[in-house]
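Chemist: got a structure for you, letters missing:
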């Protein structure tokens, strides 16, 4: 199984691939024909660590980021907030904080 990550201007292609084992995830680089290069398999961690800033790296990060939902309303409602008046509340006499 493979999904195109990036199709370079020089006709190189980069794919996100999964082998028979669900944990076997890697990047396959298919160089353009005139370059004479051979397809190469790059382990996912190595690709992410070494390819920073390249168009194919940014494209893969974009794919990964698209898997994360970023609904601002959902984020705002899920963050804990203090009870009204709790932030500026002064302790009442007898409730003064003590240090141990």
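Modeler: Ah, there it is. These numbers come from a predicted model, not from an experiment.

Chemist: what's in contact with the lengthiest helix in the chain?
Modeler: Criterion DSSP state H: the longest helix present in the chain is helix 55-66. Here helix 55-66 makes contact (CB atoms under 8 Å, 6 or more residues apart in numbering) with 3, 5, 6, 8, 14, 16, 27, 47, 48, 51. C-beta: built from backbone N, CA, C; applies to glycine.

Chemist: avg pLDDT for it?
Modeler: Averaging pLDDT along helix 55-66 gives 92.

Chemist: what does stretch 31-47 give?
Modeler: 90.

Chemist: got the buried residues for it?
Modeler: Using 16 or more other CB atoms under 10 Å as the test for burial, stretch 31-47 gives 31, 42, 47.

Chemist: just stretch 52-62 next, same as before
Modeler: 56, 57, 59, 60.

Chemist: just these now: which is nearest residue 22?
Modeler: residue 60 (18.1 Å; CB to CB).

Chemist: stretch 3-23 spans what distance, first to last residue?
Modeler: 16 Å (CA to CA, to the nearest Å).

Chemist: what about the nearest residue to residue 24 once chain neighbours are set aside, how many residues close to it?
Modeler: With sequence-adjacent residues excluded and distances taken as CB to CB, 6 or more residues apart in numbering, residue 24 is closest to residue 18, at 6.3 Å. Neighbour count of residue 18, defined by other CB atoms under 10 Å: 14.

Chemist: next: residue 23.
Modeler: 6.

Chemist: any idea of the pLDDT on it?
Modeler: 92.
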